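Peer 1: Fold the following.
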Amino acid sequence: MRTLLFGLVLSIPTWSGGNPYPTIGSIPLPAGYHRVVQGDGSFGAWLRNVQLKKETTVYLYDGKPKENQDAQFAILDVSVGKEDLQQCADAVMRLRAEYLYSRGEYGSITFFTETGKRLNFADWTTDRRRAAFDAFLRKVFMYCSTRTLARQLVRASLSMVDPGDVLIRAGSPGHAMLVVDVAEDNHGHRTYLLAQSYIPAQDIHIVKNPADNLGPWYRADTSLVMVATPEYTFKTNELRKWAN
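Peer 2: Model (predicted):
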């Protein structure tokens, strides 16, 4: 597949028989682009090492295939659980928490309930085993939402989008999607990948770009008013980032 982005011809690979890319960081870049450097130990560097499934079907929490199988480019190898809990904002919080847990930064794994109650893994339990962490995440998924996550994040500029940033609209229904990788050309134009879960809870997946026919890559174009994803449309000013 060939198309134009910022005046450049892109070659977006297509395939059949499963996903050939082992990690987020191995997804091919648009021609003329390089991945934005991420520091060792950063959330962005961690995201690039998240494993992708060979499977290309998105499944719901109950094991049934999602009705819409046209949105996904690749599927993250991350459990969705057995309950209808890990939906959109939950998937964002899950990946952020997994990153901090992998680094042993237990005191930084903090989210907030609708009433403003602080849920912190280090305060919640002294048990650092996986089962305790999973139980904590279940509590987060039950009591946190797009509204609470949006309040926890700070505004970010789409022109300087970074891995780990979040496109989010608070509400019921709202939606949240995580920026999982970013590339840049020699003129500073950025492109990015977006991952989501949805309702019902489902495999976290990197979405295609239905607007520009660029495979999974989105232009960080602030002249646009909207970011149109396969199943939701955000405003370009709805990008947020973690405060720390």
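
Peer 1: Report the strands that pair with the helix or strand hosting A74, each with its relative direction.
Peer 2: Using DSSP states H and E, A74 falls within strand 72-75. Strand 72-75 sits in its sheet next to strand 205-207 (antiparallel), going by DSSP bridges.

Peer 1: what distance separates the partner strand from the middle of the whole chain?
Peer 2: On the basis of Cα atoms, centre = their mean, to the nearest Å, strand 205-207 sits 8 Å off its chain's mean C-alpha point.

Peer 1: After that strand, which helix or strand is next? Please name it.
Peer 2: Proceeding N to C from strand 205-207, the next assigned helix or strand is strand 218-219, under DSSP H and E.

Peer 1: what helices or strands is that following strand leaning on?
Peer 2: Packing partners of strand 218-219 (3 or more Cβ pairs under 8 Å, 6 or more residues apart in numbering; DSSP states H and E): strand 190-196. The C-beta positions use only the backbone N, C-alpha and C, and glycine is treated the same way.

Peer 1: what about the strand it packs on, distance to the chain center?
Peer 2: The answer for strand 190-196 is 8 Å, by Cα atoms, centre = their mean.

Peer 1: do the same with stretch 195-203
Peer 2: Stretch 195-203 has its average C-alpha position 10 Å from the chain's average C-alpha position, going by Cα atoms, centre = their mean.

Peer 1: How about the residue in the chain that sits furthest from its center?
Peer 2: Here the chain reaches farthest from its C-alpha mean at T126, the gap being 28.7 Å by Cα atoms, centre = their mean.
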